[in-house]
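[1] Sequence and predicted structure are below.
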Amino acid sequence: MAWEYSDKVLQLFADAVQGKPGTHMGELAEADGVGEYGSIVCGDALRLFFRVKPHPTDPSRDQIVLARFLTFGCTSAIASSEALCALLEERQPTPLDALNLTNQDLIDYLDGLPPAKIHCSVMGAEALRAAVVDWAAHRGVDLSSVLSEPMTEKEMEGRLVCKCFSITEPYLRRKIGELKLRSIEQITAALKAGGACGSCQRAPGGLQDLLDEYWGETAAEVGHISSANGRKDEESLSPWQRGKEIERLIATVIRPQLQKDGGDIELIDIKDNLVYCRLSGVCANCPAAGQTLQLVVEQQLKERIDKRLRVIEL
Amino acid sequence: MKLVYADNNATTAIAPEVVTAMQPYLTADYFNPSSMYAAAQEPAAALERARASIACGLGGIDPGQLIFTGSATESNNSAIFGSVLANSQRRHLMTTAVEHPSVLEVCKELQRRGHEVTFLGVDRQGGLNLDEFVRALRRDTLLVSVMLANNETGVIYPLARLARIVKQTDPAIIVHCDATQGIGKVPVDLARELRDVDLLSFSGHKIHAPKGVGALFVRKGTRWRPYILGGHQEQGRRAGTENVAYIVGLAKACELAVAGIADEQTRVRGLRDRLQLELCQRIPELEVNGAGSPRLPNTLNLAVHGIEGEAILYELSRAGICASSGSACTSGSLSPSHVLQAMQVPFSAIHGSLRFSLSRYNDEEDIDRIIEALPDIVARLRRLSPYWDDERNCLKLSAGES
């Protein structure tokens, strides 16, 4: 599907590729910070250069004054790169402040990006982060207090699961555990993986597989039917005995109660803690039929036999 | 002589509105919706408009849950195989004996591959036994697949209730519904009544769109994996370049179907009821299969005792009437309809089964034509039948046993 770009994106793209004065495409010799993000494999890569006006005494108060980029990528990747450099030169932040610049700032500057192109702005923010790390190394600034953990090499090199956002398998595994991500939607919201083309969501080795692997197929494995197993405290009755008890209680107590009101109940099946019943007679047409069952049958079964019992009406 | 088309459960005439809606995408807007250039934007947008429109007709669901396919058969295959792929720990499937072959054969294939399948029987009226249904549910049940309505008899199954019981039993069991015959004939609301249904299949050519396009609804969060692999179309859930023109046609047909539900429920039902009543008055030893169950408003399945269905069809065809039969001679195999067999329709009648299925394009005149033609045809064929007692005008006693 063709992308719908804002006028701003198209303008920045056109200006940058034509090298109009005031645009920022190109290499910057003697840069103070160089950062790269993406790769030719994922379809886009951005190399960001910036130069600072050094602070005479405190390197952490250096100011970014010049920014340039080289970008391999699509319309919006190039526009995002241009936007990034323009923003940096406009605001002239310290590199430390620049770390607060998010992909959302770029999106806002671009008057929005199509949902499938959000990763272009992420790429800009990530390249900037890498460039700041580079600058800090040159200038001897300690970033450990401002940057959480930089991506490890292993995470950078692992098998690429989400190509749109260049997200690797080791990184995903770590984040699924750390952030307790249990669904594709949650992964996309937190990491953006799977949020662009979506092809990695259910592909073999994709997000669903990683989720299944991490959490096991537990949701599907442990059905409610089997919830009676494992707990011993209320299992003084054998399943057979308990079944007989349920049957007896319905026949001698519950059914007569319902029949007094012109209704009836028929026990169909018992599976572990689930008791399947059919209501007939007046009860079945009563708007409160479901409630009658809930209140009368389930309550009595719970009180007299086992508090884990649940009633399902046919 | 005007053709009386009364075989709409087999396929339908393409609605003129559908043809008009499709036209641009068969000519000027032929581009691949995945392409980047501006020209491809229109087909890509049309695809999403179609998705949104169908989602709206199915109860205002999130359109992202709809996947376009090539047919209901493909949707059923994808639904079932895709569920099995995503739930390797579970081994048991449940379905009914009266499903369409695209469900039954998939289940039988899974049986050959080591899965266990319960094929639930139906009663003489084509209805499911709810008690048996409940008893068949197991700890390792992975999928329950029940059709919304039967193609041969029109019997409607209580999907909302079945799905509720399944989900109350174990939310991890996937509920699939082949809604191919229900769409456009009864309301299908996946947001409310059918909120417990996880997967739902249907196709276009039963609702006046062309053949070769269908859809599969996959509710968000369902443990299901794609079955048709390849490109990233349909968010990687169904590979293959989208059939834009046909999908647009499907959406238009759905729109007309939703708008036409009232007509179907009143006028078409009226036509069917009159057809049923008058034929039963004029033809002795005629049974209505499924009459004791809730039925689709457009379908009439008759058991004509003592004669063979194909012969009736041939005679009807000569009278310009299109219908179908569940007899062995018309099934392409050696056995008669599996649906009527499951209903234990007696052999004296199963070969004489006859189905009329109507649509919004049928009118009173069509019904008159059938009422006029059929009693005569039946009488003539019965005169030739060894199982018919012409003098007493009833079935010979021995026929039931043969």
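    Nice, I can see it.
[2] Quick check: mean pLDDT of the helix or strand where residue B:367 lies?
    Applying DSSP states H and E as the criterion places residue B:367 in helix B:364-384. Regarding helix B:364-384, the rounded mean pLDDT is 94.
[3] tell me which residues in it are buried?
    B:366-367, B:369-371, B:373-375, B:377-379, B:381-382 (16 or more other C-beta atoms under 10 Å in any protein chain shown). All C-beta atoms are positioned from the backbone trio N, CA, C, and that covers glycine.
[4] for chain A, which helix is longest?
    Determined from DSSP state H, the single longest helix within chain A is helix A:118-139.
[5] Which strands or helices does that one pack on?
    strand A:33-39, strand A:44-53, helix A:75-91, helix A:95-98, helix A:103-109 (3 or more C-beta pairs under 8 Å, 6 or more residues apart in numbering or on different chains; DSSP states H and E).
[6] residues in contact with the shortest one?
    Okay, so that is helix A:95-98. Contact with helix A:95-98 is made by A:33, A:50, A:52, A:60, A:62, A:64, A:88, A:128, A:131-132, A:135-136, A:141, A:143, A:146, as judged by C-beta atoms under 8 Å, 6 or more residues apart in numbering or on different chains.
[7] List buried residues within those.
    A:33, A:50, A:52, A:62, A:64, A:88, A:128, A:131-132, A:135-136, A:141, A:143.
[8] and these as CSV, adding pLDDT?
    Compiled in CSV, the buried ones among the contacts of helix A:95-98 are given as follows (pLDDT from 0 to 100):
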residue, pLDDT
A:33, 94
A:50, 96
A:52, 95
A:62, 94
A:64, 96
A:88, 96
A:128, 93
A:131, 94
A:132, 94
A:135, 94
A:136, 92
A:141, 89
A:143, 85
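[9] closest to chain B among those residues?
    Ranked by distance to chain B (C-beta to the nearest C-beta), these are led by residue A:128 at 27.5 Å.
[10] And that closest one, how close does it get to residue A:33?
    Applying C-beta to C-beta, to the nearest Å, the value for residue A:128 to residue A:33 is 9 Å.
[11] go on, residue A:44?
    20 Å.
[12] ok, and the closest residue to residue B:377 other than its chain neighbours, which helix or strand is that part of?
    Once flanking residues are discounted, residue B:377 sits nearest to residue B:315: 4.2 Å by C-beta to C-beta, 6 or more residues apart in numbering or on different chains. Assigned by DSSP H and E, residue B:315 belongs to helix B:309-318.
[13] same check, this time on residue B:125
    Under DSSP H and E, no helix or strand contains residue B:125.
[14] ok, it - contacts?
    B:155, B:290-293, B:343.
[15] quick one: which two of the residues you listed are the most distant?
    B:291 and B:343 (11.3 Å; C-beta to C-beta).
[16] Isn't residue B:189 up against residue B:57?
    No. Taking contacts as C-beta atoms under 8 Å, residue B:189 lies outside contact range of residue B:57: 9.5 Å.
[17] re the thing from before, burial measure for the residue nearest to residue B:377, as a count.
    Residues lying near residue B:315 (other C-beta atoms under 10 Å in any protein chain shown) number 17.
[18] re earlier: pick the one among the buried residues of helix B:364-384 closest to chain A.
    Looking across the buried residues of helix B:364-384 and measuring by C-beta to the nearest C-beta, the closest to chain A is residue B:367, at 35.5 Å.
[19] still on that earlier bit, let me have the helices and strands packed on helix A:118-139 in JSON lines, extended by distance to residue A:157.
    Below are the helices and strands packed on helix A:118-139 laid out as JSON lines (distance: least, C-beta to C-beta, whole Å):
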{"stretch": "strand A:33-39", "distance to residue A:157": "11"}
{"stretch": "strand A:44-53", "distance to residue A:157": "15"}
{"stretch": "helix A:75-91", "distance to residue A:157": "22"}
{"stretch": "helix A:95-98", "distance to residue A:157": "26"}
{"stretch": "helix A:103-109", "distance to residue A:157": "23"}
